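K.L.:
My questions are about this predicted structure, shown below with the sequence.
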Amino acid sequence: MEQPATTEPAGLAGRGSIEVRHLHYRYPDGFEALKGIDLVVEPGEKVALIGPNGAGKSTLMLHLNGINEPSHGDVSVSGIRVERKVLKKVRAEVGLVFQDPDDQLFSPTVFDDVAFGPLHLGIDEEEIHHRVENALAAVGMSGFGQRMPHHLSIGQRKRVALATVLSMDPSVLVIDEPSAGLDPRGRRELIALLREMTQTMLVSTHDMKLVAEVFPRTVLMDAGVIVADGPTEELLQDEPLLLEHGMERP
């Protein structure tokens, strides 16, 4: 008999895991965007989430830190069942990075943006400075703390947006279209950055070359269901499957 997910961390062994069971989600207008999603991601895995627009990718991702609530089914991250009473704990585990960095950058300086999350966790000032410095260093933005975010390039703003979630010390990174809008140099830098990171990753993208270069596993969604899940090298060679679901080989 299947055991229900716990509402407390399952210990370090489970940190960074994602478990989605029988997930259904229906919008208020009655449209069923997710139709029974089952997905398990092991700690440290890098997984690409692909599919046409409207497949349900973003809807699924928003369940991982409680922005969306299931109509039916369960979502757990790091052994914590995602529900309202533990959202603060869940959101410390899951770093959600939106496609448009301006959705996450709203403070006068880069430092203030990166410090925002830890500050609202009640972390002391010295630790906040330490976390901000480490997060900016991790994304190659050391020395940018006093810069104004809206004066940065799109690639730099994307890096700062990623730093805002890294400062929370998440075990899982959920990223929407990380390469959108980047020039070739910015894209190469992004690939190097994603390769170096050790957190569990679930990344939604239409950039099939990025998928091939960074993610060993790929999940293909269409019309609210998972239609394929397996090694990226094999899945990207299946041209009939990709074409059937609105995708192309890199």
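P.N.:
Here it is on my side, so go on. Numbering: from 1, shown residues only.
K.L.:
S58: neighbour count?
P.N.:
By the criterion of other Cβ atoms under 10 Å, S58 has 18 neighbours. (Glycine included, C-beta is placed from N, CA and C.)
K.L.:
any idea how far M141 is from it?
P.N.:
To M141, S58 is 26 Å away according to Cβ to Cβ, to the nearest Å.
K.L.:
How about residues contacting stretch 87-102?
P.N.:
The contact list for stretch 87-102 (Cβ atoms under 8 Å, 6 or more residues apart in numbering) reads 9, 15, 61-62, 64-67, 77-78, 80, 82, 104, 121, 149-150, 154, 157-158, 160-162, 165-166, 168-178, 180, 199.
K.L.:
Poorly predicted segments of the chain, please.
P.N.:
Along the chain, the model assigns pLDDT under 70 to residues 1-13.
K.L.:
Of all residues in it, which one is nearest the centre?
P.N.:
When Cα atoms, centre = their mean is applied to the chain, the residue found nearest the centroid is V174 (0.5 Å).
K.L.:
Next up, the contacts around that residue.
P.N.:
61, 64-65, 94-97, 201-203.
K.L.:
Please identify the helix or strand for it.
P.N.:
Assessed by DSSP states H and E, V174 sits inside strand 172-176.
K.L.:
Keeping just the C-alphas, turn the very next helix or strand once past that strand into PDB.
P.N.:
Per DSSP H and E, strand 172-176 leads on to helix 184-196 as the next helix or strand towards the C-terminus. Below are the C-alpha coordinates for helix 184-196, written out as PDB (Å, rounded to 0.1, in the frame of the first residue of the first chain):
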ATOM      1  CA  PRO A 184      25.400  33.500 -28.000                       C
ATOM      2  CA  ARG A 185      28.000  34.500 -25.400                       C
ATOM      3  CA  GLY A 186      25.300  34.700 -22.700                       C
ATOM      4  CA  ARG A 187      24.000  31.300 -23.700                       C
ATOM      5  CA  ARG A 188      27.400  29.700 -23.500                       C
ATOM      6  CA  GLU A 189      27.900  31.200 -20.100                       C
ATOM      7  CA  LEU A 190      24.500  29.900 -19.000                       C
ATOM      8  CA  ILE A 191      25.400  26.400 -20.100                       C
ATOM      9  CA  ALA A 192      28.700  26.400 -18.200                       C
ATOM     10  CA  LEU A 193      26.800  27.700 -15.100                       C
ATOM     11  CA  LEU A 194      24.100  25.100 -15.200                       C
ATOM     12  CA  ARG A 195      26.600  22.300 -15.700                       C
ATOM     13  CA  GLU A 196      28.500  23.400 -12.600                       C
END
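K.L.:
Helix 184-196 vs strand 172-176, what angle?
P.N.:
Relative orientation of helix 184-196 versus strand 172-176 (axes from the mean of the first three to the mean of the last three Cα atoms, to 10 degrees): 160 degrees.
K.L.:
which stretches of this protein form strands?
P.N.:
For the chain, the strands defined by DSSP state E occupy 18-26, 32-41, 46-50, 72-77, 80-81, 94-97, 172-176, 200-204, 217-222, 225-231.
K.L.:
Let's have those strands in JSON lines, adding distance to L136.
P.N.:
Compiled in JSON lines, these are given as follows (distance: least, Cβ to Cβ, whole Å):
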{"stretch": "strand 18-26", "distance to L136": "27"}
{"stretch": "strand 32-41", "distance to L136": "27"}
{"stretch": "strand 46-50", "distance to L136": "22"}
{"stretch": "strand 72-77", "distance to L136": "25"}
{"stretch": "strand 80-81", "distance to L136": "28"}
{"stretch": "strand 94-97", "distance to L136": "15"}
{"stretch": "strand 172-176", "distance to L136": "16"}
{"stretch": "strand 200-204", "distance to L136": "20"}
{"stretch": "strand 217-222", "distance to L136": "29"}
{"stretch": "strand 225-231", "distance to L136": "34"}
